[in-house]
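Participant: Predicted model and sequence below, questions to follow.
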Amino acid sequence: AAYGTLSESVLLPVLEDVIDPIVSITWDIPGLVAGNTYRDVANSTRATSVDVQLKSGILWRNLTDSSMGAWRSVAELIGFNSSDPAIISIENSFGTLQLRDNWYLGVSLHA
């Protein structure tokens with residue numbers, strides 16, 4: 001650190017251990033009904049949210065909210081994919097879903 005003509009330095013230890021590990025990750029998808037059926041208007045988009053619970057009890061809410069000014073981009077922390085993007089696509093790195101068509105078979109969504 002420096003202040004005017006004065007300066008001071010100190011060595012900081014760097015730990016290789018994870019100090020507060022993640023114990024759970026929750027992906028909330030609004031529009032789910034009956035536990036596993038996604039219902040929305042065709043071609044509409046819907047934001048999702050991802051919460052992370054740390055072992056210490058700290059809860060990091062809604063990592064996908066770009067307005068929060070997070071220190072890391074959610075795209076660097078979480079990847080999203082759909083087993084059939086022609087039916088339900090994930091439009092951007094924030095986990096926004098788009099229902100493109102109705103379908104009779106299951107479509108797997110992963111975060």
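Facilitator: Yep, that arrived.

Participant: From now on I want contacts and neighbour counts done on CA atoms only, so please keep to that.
Facilitator: Fine.

Participant: And the strands in this protein?
Facilitator: Assigned by DSSP state E, the strands in the chain fall at 2-3, 6-7, 22-28, 32-33, 37-38, 45-46, 49-54, 59-60, 81-82, 88-90, 97-99, 109-110.

Participant: Run the chain-centre distance for the helix or strand bottoming out on mean pLDDT in the chain.
Facilitator: In the chain, no helix or strand scores lower on mean pLDDT, DSSP states H and E than helix 74-77, which sits at a mean of 72. Centre-to-centre, helix 74-77 and its host chain are 7 Å apart (C-alpha atoms, centre = their mean, to the nearest Å).

Participant: List the beta-bridge partners for Trp27.
Facilitator: With DSSP bridges as the criterion, Trp27 is bridged to Val50.

Participant: got the contact list for it?
Facilitator: By C-alpha atoms under 8 Å, 6 or more residues apart in numbering, the residues touching Trp27 are 48-51, 111.

Participant: go on, Ile90?
Facilitator: Applying C-alpha under 8 Å, 6+ apart, we find Ile90 in contact with 80-82, 96-98.

Participant: Weed out the non-buried ones from the contacts of Trp27.
Facilitator: Among the contacts of Trp27, those scoring as buried are 48-50 (criterion: 16 or more other C-alpha atoms under 10 Å).

Participant: ok, so of those, who is nearest Ser7?
Facilitator: Ranked by distance to Ser7 (C-alpha to C-alpha), these are led by Val50 at 42.5 Å.

Participant: returning to what we had before: pipe the buried ones among the contacts of Trp27 into TSV and attach distance to Val18 and pLDDT per row.
Facilitator: Below are those laid out as TSV (distance: C-alpha to C-alpha, whole Å; pLDDT from 0 to 100):
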residue	distance to Val18	pLDDT
Thr48	28	86
Ser49	24	86
Val50	21	86
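
Participant: Let me know the closest of those residues to Gly4.
Facilitator: Val50 (44.4 Å).

Participant: if we can go back for a sec, ok, and the most crowded of the contacts of Ile90?
Facilitator: When the contacts of Ile90 are compared by neighbour count (other C-alpha atoms under 10 Å), Leu97 ends up highest, at 23 neighbours.

Participant: I'm done for today, thanks for sticking with me.
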